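[1] Pasting the sequence and the predicted model now:
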Amino acid sequence: MLSGRLAKWALLLSEFEINFIPQKAIKGQGLANFLADHPISAEWEVSENLPDEEVFYIEVLPPWRMYIDGAARKNGAGVGVLFMSPNDNLMSYSFILSHCCTNNEAEYNAIILGLRMAIEMGLNQLEIFGDSAMVIKQLIGDFEVRKDELMPYQKEAQRLQQKIPNVTLGHVPRANNSQADALAGIATSLAQFDARPERIPICERWVVSTLEKFSGEEEINLVSVYAIEEEINLVSVYATEEEDWRQQFLDYLEHKKLP
C-alpha cells in the first residue's frame with residue numbers, strides 16, 4: 001500500500017499506464033553471494049594506473065630561498081645575495097655600494113636588490129633570510145623604525161614585497177648565513193677599488209705533491225715559481241665586460257643550466 005508522496009506519483013502516472021515500482025533495498029546476503037561467486041585471486045595487485053588515459057598532475061615545489069647580508073666598513077660597503085632554487089642549486093651575487101652607509105642600511109640594500117632580482121625573475125614564492133634581527137622585524141612590523149634615514153629603505157622594501165604574491169621573512173643566526181656574509185665581505189673589500197664589474201673564479205690546485213718530487217733547493221725554488229705563476233691562483237680578480245645578471249636565471253629556468 002503506497003502512501004504520501006509515492007501514492008501521489010503513482011496516481012499521476014496511472015493516466016499514462018505507467019506503474020511506479022519503488023527501488024528495493026539491497027540486502028547484505030545479496031552482496032555476500034556476489035562476492036562468493038566472483039572470488040579475487042590472492043596474487044592480484046591493486047593498480048593505480050589508468051590504462052589508455054592521460055593523467056594531469058601538478059608538482060608542488062618548495063619556494064625559492066634568498067639569503068642576504070650587508071657589510072659596511074670605513075672604506076666602503078657591500079652586500080651579498082644568495083638565491084637557492086627549489087632543487088637546492090645556488091646563485092650568488094655581490095654588489096658594491098657606491099656610498100658609505102651603516103650596517104643596517106647595507107642590510108636594507110641587500111633586501112631591496114634581492115627583491116628586485118626576484119621580481120624580474122617572476123618568482124611567486126620567496127623565503128627571505130637575514131642575520132639582522134632588527135631589520136627583519138622592522139619589515140615584518142614587530143619593530144618600529146625610529147631612525148629617519150632607514151624609513152625610505154623600509155618603504156621601498158615593503159613596496160617591492162607587495163609585487164611578489166607570497167613572501168616570508170625570517171631571521172637566521174650569522175653562523176647559518178655564512179655564504180651571504182662572505183659575498184658581502186668580498187664586495188666590501190673590493191669597494192676600495194674602482195667600481196667595475198668583477199668576476200672572481202675560485203680555482204683549486206695541489207702544489208705540495210709536485211714539490212715533493214724534487215730534493216734540491218734550487219730545483220724546488222724553480223718549481224715554486226712555476227707553480228705560483230701557473231697553478232697557485234686560488235683567487236684571481238679581473239675585470240670583465242658588464243653582463244646582464246638576469247641571464248643566469250634565464251639559463252636555469254629554461255635549460256636548468258647553472259653558472
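    Good, I have the coordinates.
[2] in the stretch 1-150 of the chain, which spans are helices?
    Using DSSP state H, counting those that start in this stretch, the helices of the stretch 1-150 of the chain run over 4-13, 28-37, 103-121, 133-140.
[3] Out of those helices, which one sits most buried?
    Comparing the helices of the stretch 1-150 of the chain by mean neighbour count (mean count of other C-beta atoms under 10 Å), helix 103-121 ranks first with a mean of 22. Glycine gets a C-beta too; all of them are placed from N, C-alpha and C.
[4] counting contacts, what elements does that helix pack onto?
    Judged by 3 or more C-beta pairs under 8 Å, 6 or more residues apart in numbering; DSSP states H and E, helix 103-121 is in contact with strand 64-73, strand 76-84, strand 90-97, strand 125-130, helix 133-140, helix 151-161, helix 178-190, helix 246-255.
[5] and of these, who's closest to Ile40?
    Counting by C-beta to C-beta, Ile40 lies closest to strand 125-130 out of those; the figure is 45.2 Å.
[6] and the closest one, which strands flank it?
    strand 64-73 (parallel), strand 166-171 (parallel) (DSSP bridges).
[7] Can you flag the weakest of those by average pLDDT?
    Out of the strands paired with strand 125-130, strand 64-73 stands lowest, with a mean of 88 (criterion: mean pLDDT).
[8] which parts of that strand are buried?
    Across strand 64-73, burial judged by 16 or more other C-beta atoms under 10 Å covers 64-72.
[9] Could you work out which of the helices of the stretch 1-150 of the chain reaches nearest to Pro165?
    Closest to Pro165 of the helices of the stretch 1-150 of the chain is helix 103-121 (C-beta to C-beta; 11.1 Å).
[10] For that closest one, what does the pLDDT average out to?
    If you average the pLDDT over helix 103-121, you get 92.
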